[in-house]
Structure formats: structure tokens, C-alpha cells
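Trainee: mind folding the following:
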Amino acid sequence: MQRVAVMPGPGMMPGMVPGMMLAMAVLCSGATAEATAENNATAHNCTPGTFFNADACHPCAAGTYQPSSAQTSCEACQPGSMMTGEGATACVLCSENYYQPEAGQNSCAECPVGQASPAGATECATCALGSFRGWLGAACEPCPAGTHQPVAGQNCTACAGGTFALLNSTVCHWCAPGSASEAGAAACVTCAAGSYAEGGQAAPCTPCPVGTALAVAGGTSAANCTACANYTYAAHAGAVECQWCNGTLLESDGGEVWAEGVQGRRFGCKHQCGQGQFLVHDVAQRLFGCPACAEGTRQWAAVHQHAACEACPARMATLGAGAAVCECAVGYERWNRSGWCEECNAEQQFFKAHVGNASCRKCADEHTIVSSGQCNCGAGYYYEEGKVFCRQCPWYKTTAPGAVGREACACDPVKMVQECSTCDDGCKCAAGHRQDKKLHKCVPCGSDAPCSGLLSGAGRRRDADVLVAACAALLALSLPFA
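Mentor: The predicted structure is shown next:
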């Protein structure tokens, strides 16, 4: 076979013949076409969530997405959405109470306390007045009853005692008079019977004071509490009604003395009556008290239970009602030797006209002994109650024997002519007579002792002119003086 020398042409490598060149050209041409077809197929076959770059498909980065295939780039997530992973075909909207104001982000931020947002939000909105949202809340919620929220965006605050709030409240309201509340109350509670509240008062209501009671609920002030009446008591605060004194009498809690007729026995029934008293107690008839012992009876000790006064022993009596002890009766005296009351010796003119333990006294000669208990005062004397001796009337007055009381003294008809209603002491000298201050009697008027008027001295009226004229008339008639 003949070899043909071929000179290398342009683009030919030394040692390559034209036939080889042609063959290589054909081979190279096929390889290039196959490579181009392979590359074009890879770009067009990038799946959604990826993009073609240089020689391969790559997943979309976090914060981006690609919903289509054969793309050379990815799209950024819109504000209000995000994507945390790679190769996403779509972004995820921010959940409720989360937000994202920027594009291409891989997370959403939670709304602050007191703010909220819907899904896909780019910003948060502050909760309205009377509502709130916690970190884990899904939305703004109304403030619960018993709380309030006066400033937007803040948590709800519990109402103080004495106030209340309904659901979704911005303020707490004061409790009305007659009611009260604990802190955080949804409503005020009416005060129970026996207590009161003046309004805006924290629970509990104020109990009525000791010695008072209130039978109805809703008291608005201490004035509604009524003081216990006679023979009733309220020993503890907050009483609904006053209790009648019963068989088991209570010690006084308040230290007051309870007695019949004293208004407002309040702290408890007195446990005993005093000396000279006895206990009257009948629950059925509501009779209670400590009346005084009758005259002639005594009660020397304090009484702890139902009791009656004791009659005085023989020869003894009392000075009146309410006596604690008996003393020697009228006509009797206490002998120190025996301690008993012995009768006065009337035969020897001794008597005692009053109750007591004093000794008997002798009836004076000018008086008349009647009995061991009576010495009748003589004429011109009178007996005064409670006194030991007879008392003498003024010199110009007299009495009948046995007179009692100063008013029994009357003008002496021997010494006086008449009674005068205009005279303070009721007596005056007879006409033509005058008072002798030294002799304490009326004497005839004379030239050496002219009439000077009525009885002189304190409390007696003077009328000298009248008596002087009377004396002059008698002298003119030359009549003798009486």
C-alpha cells in the first residue's frame, strides 16, 4: 500500500493524517453535541425548591423558596412569613402573636406582653383597655372579674378590698354601704345581721359593739345597731338580738352595774343583787330586777340566786325600805352585855322614839311619858321626827301636849291677841302692848316705855306709828292697861 504524505494543515496535530482528522472531527462533533444536550437537560430538570447554578441544582437557602422547577434563583420570603430550612417550595406565615416585618427571614418574633397579632402579621397591636395577653396567650383576652386594667398593654390588676369589678373592666367600683368585699372580688357581699359597713369597706363587715344588736342584714353604720333594753344583754360583739337575762346569770363583761330601771343593760346580766335588795326573775313574764327589801325586812348579803328578804327578829326594825341590817325598834335599846335589844324602862321615865341602836333617854319633867317608845312633849314643846329631845316653841307661841312638828306651834293666846297674816311669824302683841326683848313677852305701854311696834327681830314686821297712835288713844280715855 502506498503511503501518502500529507502535510499538516491548520489545526492539525503533527502526525495526524487527513483521514484521522476527519474521523476525529466526527468523533469530537458527536461528543460536543452529547455534552451540550446533557448540560441543557440538567438545568431544565432542577426541581422546585432548588435552583441551577454553574453545573448543578442547589437547594434554596433558609428564608427563601422556589415553587417552580428549572429555575436559576430562589425567592425571598415575604414580610409576615419565614422559612427555617433549605429547599423550601413555599414560606410559612408567622403564627398568631408572632410577627416579621422584614423579607427573607428564617424566623418570626413573639409579640411582647400586652400585644397580639393575627397569623402573617408584620407588626403587633396593643391589647385594648380591659384586656390582656400573657406570653403563652393566643390573643388578647378580657380581664377576669375581680381585676381591672386601666392602662393599655399592661397585665390586669386585682381590685383592692372594698371594691369589685366585672369581666373586661377598666376600673374597680366601690362597694355600696351595707356591703364589703375581699381583694379581687367580682361582687360585694351584703353584711350579715349583727354587722355593718359604711361603704367602700374591705371585708369583713364591722360587728355591732357589745351591748347592741342588729336583727337585719345590710347595716350601713353603727347607728343601725340598737342598744339592748332593760333586763337584756349582748355580751359579745356582732349580736343579732339581745338576750333576756336567764336563770344562769352572767358576770358583767363591761363592768357596768345593772339595776332595775337603768336603761341599756348591755354587757351582761349582773350576777348578784346588792345589799338590801332581792332578785326578781321570771323569764316567762319577763320580770327581772333587784327591788329594795320592804320596811321591816333585810338582806345583808349580796344575792347570787333567787331569794327573798328576811323579816327582822323580834324587838328589831329597819329605818326604811332597802335595809341591809335590822336595828333596835322604837322603845328598845341595844345592851352591850347581851347584844340584844332590851325595852326602855318607862316606869323610870326612859324611852326611845326612833329605830336605831342608841340608848334610851329620860323623859323630862315637863313632858309626859306614855310608853317605852313615846314621851309626849309638854305644852310649848314639840317632837321633831328623827330628833331625840323635845324642842321648844318660840316664847310667843305654844302647843298642846304631845305636839309633833314645828308647825304645831301657834301664837300663845295669853301673850298674843291675834294672828296676823301679814306678819312673817304670824304673831303680834295686843293693842296697847309692846315687846319686851329682855323678858321675851308683851308688856303694857307706858310713859317710860312707849309702844314701839310689833314683835321685833329678824322675820317680824314693824308698825310703830299704828301702835303709838293706839297707846295715845288709850291714854286720852284714861283707860287702864290690860
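Trainee: hmm, residue 410 is touching residue 396, no?
Mentor: No. Counting by Cβ atoms under 8 Å, residue 410 does not reach residue 396; the two are 10.0 Å apart. From N, CA and C alone the C-beta is placed, and that goes for glycine too.
Trainee: neighbour count: the two, which is higher?
Mentor: Set residue 410 next to residue 396 and count neighbours by other Cβ atoms under 10 Å: residue 396 wins out with 22 against 16.
Trainee: quick check on the more buried one: phi, psi?
Mentor: Main-chain torsions, residue 396, degrees, to the nearest 10: phi -90, psi 10.
Trainee: state the pLDDT value of it.
Mentor: At residue 396, the pLDDT value in this model is 79.
Trainee: repeat for residue 274
Mentor: With respect to pLDDT, residue 274 scores 75.
Trainee: do residue 24 as well
Mentor: pLDDT, residue 24: 38.
Trainee: likewise for residue 405?
Mentor: Per the predicted model, pLDDT is 86 at residue 405.
Trainee: ok, residue 377 to residue 395 distance?
Mentor: According to Cβ to Cβ, to the nearest Å, residue 377 and residue 395 sit 16 Å apart.
Trainee: now swap in residue 90 and tell me
Mentor: In terms of Cβ to Cβ, residue 90 sits 144 Å off from residue 395.
Trainee: go on, residue 294?
Mentor: 44 Å.
Trainee: check residue 173 too.
Mentor: Distance of residue 173 to residue 395, given as Cβ to Cβ: 93 Å.
Trainee: can you check residue 332 too?
Mentor: In this view, residue 332 and residue 395 are 36 Å apart by Cβ to Cβ.
Trainee: more crowded one of the two?
Mentor: Neighbours per residue, other Cβ under 10 Å: of residue 332 and residue 395, the larger number sits with residue 332, 24 against 14.
Trainee: could you count how many residues lie near the closest residue to that one other than its chain neighbours?
Mentor: Closest residue to residue 332 apart from its sequence neighbours, by Cβ to Cβ, 6 or more residues apart in numbering: residue 341 at 4.1 Å. Using other Cβ under 10 Å, the number of residues around residue 341 comes to 21.
Trainee: next up, the contacts around residue 341.
Mentor: Residue 341 makes contact with 315, 316, 328, 329, 332, 333, 334, 335, 357 under the criterion Cβ atoms under 8 Å, 6 or more residues apart in numbering.
Trainee: how close does the closest residue to the fourth one other than its chain neighbours sit to residue 185?
Mentor: It stands for residue 329. By the measure of Cβ to Cβ, 6+ apart, the closest residue to residue 329 outside its immediate chain neighbours is residue 317, 4.0 Å from it. Per Cβ to Cβ, residue 317 is found 72 Å from residue 185.
Trainee: and for residue 405?
Mentor: Relative to residue 185, residue 405 is positioned 79 Å away (Cβ to Cβ).
Trainee: so which of those two has more stuff around it?
Mentor: Using other Cβ under 10 Å as the criterion, residue 405 and residue 185 rank with residue 185 on top: 23 against 12.
Trainee: quick one: the more buried one is in a strand?
Mentor: No. Per DSSP: H, G, I helix; E, B strand; the rest coil, residue 185 lies outside any strand segment and is coil.
Trainee: separation between the closest residue in space to it that isn't next to it in sequence and residue 224?
Mentor: Residue nearest to residue 185 in three dimensions, not counting chain neighbours: residue 164, with 4.7 Å by Cβ to Cβ, 6+ apart. To residue 224, residue 164 is 22 Å away according to Cβ to Cβ.
Trainee: before we move on, what about residue 326?
Mentor: 51 Å.
Trainee: is it true that residue 207 touches residue 195?
Mentor: Yes. Between residue 207 and residue 195 there is a contact at 5.0 Å, judged by Cβ under 8 Å.
Trainee: so which of the two has more stuff around it?
Mentor: Per other Cβ under 10 Å, whichever of residue 207 and residue 195 has more neighbours is residue 195, with 24 against 19.
Trainee: got a list of what the spatially closest residue to the more buried one that is not a sequence neighbour touches?
Mentor: Leaving aside its sequence neighbours, residue 195 sits nearest to residue 205 (Cβ to Cβ, 6+ apart; 3.8 Å). Listed by Cβ under 8 Å, 6+ apart, the contact set of residue 205 reads 179, 180, 191, 192, 195, 196, 197, 219.
Trainee: what is the burial count for residue 64?
Mentor: Applying other Cβ under 10 Å, we find 22 residues neighbouring residue 64.
Trainee: can you pull out the strands in the stretch 1-150 of the chain?
Mentor: 50-53, 56-59, 64-65, 75-76, 81-82, 92-93, 98-99, 109-110, 115-116, 125-126, 131-132, 141-142, 147-148 (DSSP state E, counting those that start in this stretch).
Trainee: among those, which is nearest residue 384?
Mentor: Checking those against residue 384 by Cβ to Cβ gives strand 147-148 as the closest, at 86.1 Å.
Trainee: residues touching that closest one, excluding its own?
Mentor: 130, 156, 157, 158, 159, 165, 169, 170, 171, 172, 184.
Trainee: in strands, which of these appear?
Mentor: Those of those mapping onto strands are 157, 158, per DSSP state E.
Trainee: now, of the contacts of strand 147-148, which are buried?
Mentor: The neighbour-count criterion (16 or more other Cβ atoms under 10 Å) marks 130, 156, 157, 158, 159, 165, 169, 170, 172, 184 among these as buried.
Trainee: okay, who's weakest in those by pLDDT?
Mentor: Per-residue pLDDT puts residue 130 lowest of those, at 82.
Trainee: can you give the domain ranges for the protein?
Mentor: Under automatic domain parsing, the residue ranges defining each domain of the chain are 42-126, 413-482.
Trainee: which stretch in those has the least confidence?
Mentor: Mean pLDDT values for the domains of the chain show the minimum at domain 413-482, a mean of 54.
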